[in-house]
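Asker: Sequence first, then the predicted structure:
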Amino acid sequence: MFSRLSSTSTPSSSTSLPDQALLSTEQLSVQFGQRPILKDINLVLQPGRIVTLIGPNGSGKSALVKTLVGAIKPAAGRIIRSPALKIGYVPQRLHLDATLPMTVRRFVNLPHRHASRDITEALEQAGAEHLLNAAMNHLSGGQLQRVLLARALLSRPTLLLLDEATQGLDHRGVAEFYQRIEQIRQRSQCAVLMVSHDLHVVMRTADHVICLNGHICCEGQPEQVASSPHYHALFGDQVASTLAFYRHQHVGHHDEERLHHAG
Ligand SMILES: Nc1ncnc2c1ncn2[C@@H]1O[C@H](COP(=O)(O)OP(=O)(O)OP(=O)(O)O)[C@@H](O)[C@H]1O
């Protein structure tokens, strides 16, 4: 699913995208001021696949997602987008003005109004159908995440980008959320790129894992990453072993994917 890219075609071209790919990056680098955050990120996102970005705090996961969304301008490299790419973005946080009351119905109609039927369907898919008339600033963390997911689904995305969408959820909430994402993926065949700290769930649900620490340290199928020395070095042997165990218990299909070690 992932491959290193060597194409040098012009930035406006999408012809250098690998077959069927929705998005790829070439030598993408990001910096804040003079400070390098991400260096030489090469990735390819294919339809219908769940890719998880893991890495320690401050390793650049959110920065990468925001760059893919277009909210951060890369310092170098480029992003190649397929004409079929339609991003649904679920942010890490949402800052709402507590003095400005707003219902879920109104929120999901921003910035564009949607047909009631579509709103109902999106809320159902996200498990938030009962929240239509709730006040946004009365939602629990888990309810808010589901509403944000519903809003992202309303754009009928071909790529769902989730930035730590399960932050603050309890174990059950996390498991339910990932189950929901899996159902959405199966139903709509959208690609999913998610940032996650829920390492044990990552190992069960992802098709491909990218381990980030300013650059791609290692990537591949979850069990490949779990046995990578780079991954052990980043997360510590104890955590890493737990993951390997989880994966062993829940191991699924085996695609031919390469584990890339960039050090
Ligand atoms: N707007 C900004 N201006 C300057 N530095 C920033 C900005 N946003 C993030 N950073 C820095 O960039 C680095 C990467 O941040 P990022 O939020 O991408 O990390 P992360 O891997 O998502 O972390 P976490 O797991 O804690 O969410 C951090 O050192 C952070 O302090």
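Answerer: Right, received. Where do you want to start? Residues are numbered from 1 along each chain as shown.
Asker: Next, the contact list for the closest residue to Gly55 other than its chain neighbours, please.
Answerer: In space, and not counting its chain neighbours, Gly55 is closest to Leu212: 3.7 Å by CB to CB, 6 or more residues apart in numbering. Glycine gets a C-beta too; all of them are placed from N, C-alpha and C. Residues in contact with Leu212 (CB atoms under 8 Å, 6 or more residues apart in numbering) are 38, 53-55, 59-61, 64.
Asker: Give me the subset of the residues you listed lying in helices.
Answerer: Of those, the ones assigned to helices by DSSP state H are 61, 64.
Asker: from the contacts of Leu212, which are also near the ligand?
Answerer: Restricting these to those touching the ligand (CB under 6 Å from any ligand atom) yields 55, 59-61.
Asker: Now for those residues, which sits with the most neighbours around it?
Answerer: Ranked by neighbour count (other CB atoms under 10 Å), those have Lys61 at the top, with 25 neighbours.
Asker: quick one on the thing from earlier: read off the pLDDT value for the residue nearest to Gly55.
Answerer: As predicted, Leu212 sits at a pLDDT of 95.
Asker: Let me see the ranges of the helices in the stretch 101-250 of the chain.
Answerer: Secondary structure of the stretch 101-250 of the chain (DSSP state H, counting those that start in this stretch): helices at 104-108, 116-126, 141-153, 171-188, 199-205, 222-226, 229-235, 237-250.
Asker: about what we covered before: least confident pick among the ones next to the ligand among the contacts of Leu212?
Answerer: Comparing the ones next to the ligand among the contacts of Leu212 by pLDDT, Gly55 comes last, at 92.
Asker: Leu149 versus that residue, what's the distance?
Answerer: Applying CB to CB, to the nearest Å, the value for Gly55 to Leu149 is 23 Å.
Asker: same deal with Ile54?
Answerer: Distance, Ile54 to Leu149, using CB to CB: 20 Å.
Asker: the more surrounded of these two?
Answerer: More crowded of Ile54 and Leu149, by other CB under 10 Å: Ile54, with 28 against 25.
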